[in-house]
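# Provided below are the primary sequence and the corresponding predicted coordinates.
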Amino acid sequence: MKNILLGIALTLALVGCGERKEQQPVTKAAAEKAPAADVSAGKALAERSCRNCHGLDGKGAGPAIPHLAAQRERYLLASLKEYKEGKRHHTGLRDLAKKMTDADMRNIAAYYAGQPAVAISAAAADVKHSSPYERGKKLAEACAKCHGEDGNAKTPGTPSLAGQQPVYLVAAIHEYHRGDRAIGTMRSMMSESDRLDLESLALYFSAQAPVQRPAPKRGDVAAGEALSTACGGCHGVYGISRDAQTPSLAGQDFDYLVKATKAYWTIRKNWGMQRYVAGLSAKEVENIVAYYAAQAPKAAEQVPSSTKDLVAQCDRCHDQEASASVVAPKMKGQDKDYLVMALRNYRDDGNRESSTMHRMSFPYSNAMIESLATWYSSQPAK
């Protein structure tokens, strides 16, 4: 269904959320050639160097510190090598890994992989899972009177939200709250909602199929098409945006688009829009709007939205039964705060050098990440 939004990265990130694209699969032949690990030596090293954070039993000592117990041995070994080579950026672990020999890394990986899985707390197991889509659907009830139950408004001057880009919807709500858009009712709506609520609402509306509004009675569509060339660079061909932060204009309400566009002459703040609109006459604005209002609308790009769909996508590599050649960590039973942080790092700031994971997580909003991390942290590890 959508694209979406936008942590901070100071943890002992031995358990990341995906393999590096450049890593080679661990073949059976390679595994047989590797010297056998000394679990007793691994335990001694863990007691000297790791227990303060990961415990001797492999349980993270605090929030956002990953559990290592029962983790895949090949993944733990690959992670330590990445710290040693400087591919991962936790200073303490990089310094520690540089002092380890290959044998040390094999031994400690084998020791932690052999520990019993960390038991799930009663509180974590009792979490009621609600996908961000379902949460957004519930919140959308407050919007139905004006925008329609499915986001397809019927009142002239009221914008349709169905199929709209989700990041843009969140930004627009914030503009109302700040007073950048002068509509009192919108300014008060959801003013107490947190970011996760707003993202969930946007996710729901962006998933709905947009319906074309009535054809405009004013404006010259042909003249508007000629004037729309500069608009297409941001709003997409025929007004279908491919950018989660930029609204689609195709099939939108004529009166709303005229009012919204003219607002850049006065109160709305966007340097690019202000600069372009400043050179347009009122008639030219109506012509451009008529062109976009006449175009067929299309829903935003689709990404998984339910927790079930998100988990199914991740389980292809992270499921307990994944292929032995996959160098990816188990996620079930992992610390929730750590999972949230790791996914945000892959999505946002490059602290995790995995192009595969960045592409996978880039469309995920904080609400989607929260939902995914909550589910995995509540499942028994094996």
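Perfect, I can see it now.
# what about the strands in the stretch 251-382 of the chain?
Using DSSP state E, counting those that start in this stretch, no strands are found in the stretch 251-382 of the chain.
# low-confidence stretches in it?
301-306, 320-326, 349-355, 358-360, 362-363 (pLDDT under 70).
# can you give me the end-to-end span of stretch 311-330?
12 Å (CA to CA, to the nearest Å).
# A290 against G219, yeah?
Yes - assessed by CB atoms under 8 Å, A290 is found in contact with G219 at 2.7 Å. Every C-beta, even on glycine, is put in place using the N, C-alpha and C of the backbone.
# show me the common contact partners of the two, please.
F254 (CB atoms under 8 Å, 6 or more residues apart in numbering).
# contact partners of stretch 168-186?
Counting by CB under 8 Å, 6+ apart, 5, 161, 187, 189-191, 195, 198-199, 201-202, 205-206, 241, 244-247, 263, 267-269 sit against stretch 168-186.
# any of these buried? List them.
For the contacts of stretch 168-186, a neighbour count by 16 or more other CB atoms under 10 Å gives the buried set as 5, 161, 187, 189-190, 198-199, 201-202, 205-206, 241, 244, 246-247, 263, 268.
# so of those, which ones are in strands?
If you go by DSSP state E, the buried ones among the contacts of stretch 168-186 have nothing in strands.
# from those residues, which land in helices?
187, 198-199, 201-202, 205-206 (DSSP state H).
# of the residues you listed, closest to L56?
E199 (39.4 Å; CB to CB).
# that closest one against N366, yeah?
Yes - between E199 and N366 there is a contact under CB under 8 Å: 5.9 Å.
# pLDDT below threshold where in the stretch 51-200 of the chain?
Across the stretch 51-200 of the chain (using pLDDT under 70), the flagged ranges come out as 123-130, 182-184, 187, 190.
# how near is D95 to K154?
63 Å (CB to CB, to the nearest Å).
# scratch that, H235 is what I was asking about
Using CB to CB, H235 is found at 23 Å from K154.
# out of those two, which sits in the more crowded spot?
H235 (21 against 13; other CB atoms under 10 Å).
# torsion angles phi and psi at the more buried one?
Geometry field for H235 lists phi and psi as phi -90, psi 0, criterion degrees, to the nearest 10.
# dump the residue contacts of it.
Contacts of H235 (CB under 8 Å, 6+ apart): 241, 246-249, 292.
# recalculate using a threshold of 7 Å.
241, 246, 248-249 (CB atoms under 7 Å, 6 or more residues apart in numbering).
# quick check: the farthest pair among these?
Farthest apart among these by CB to CB are T246 and L249. That separation is 9.4 Å.
# the strand or helix carrying A78 packs against which elements?
Here A78, judged by DSSP states H and E, is contained in helix 73-84. Judged by 3 or more CB pairs under 7 Å, 6 or more residues apart in numbering; DSSP states H and E, the packing partners of helix 73-84 are helix 91-98, helix 102-113.
# quick one, that helix and helix 102-113 angle?
Taking axes from the mean of the first three to the mean of the last three CA atoms, to 10 degrees, helix 73-84 and helix 102-113 form an angle of 130 degrees between their directions.
# quick check: end-to-end length of stretch 176-191?
End to end - CA to CA - stretch 176-191 spans 9 Å.
# same thing with stretch 249-260?
11 Å.
# quick one: it to chain centroid distance?
29 Å (CA atoms, centre = their mean, to the nearest Å).
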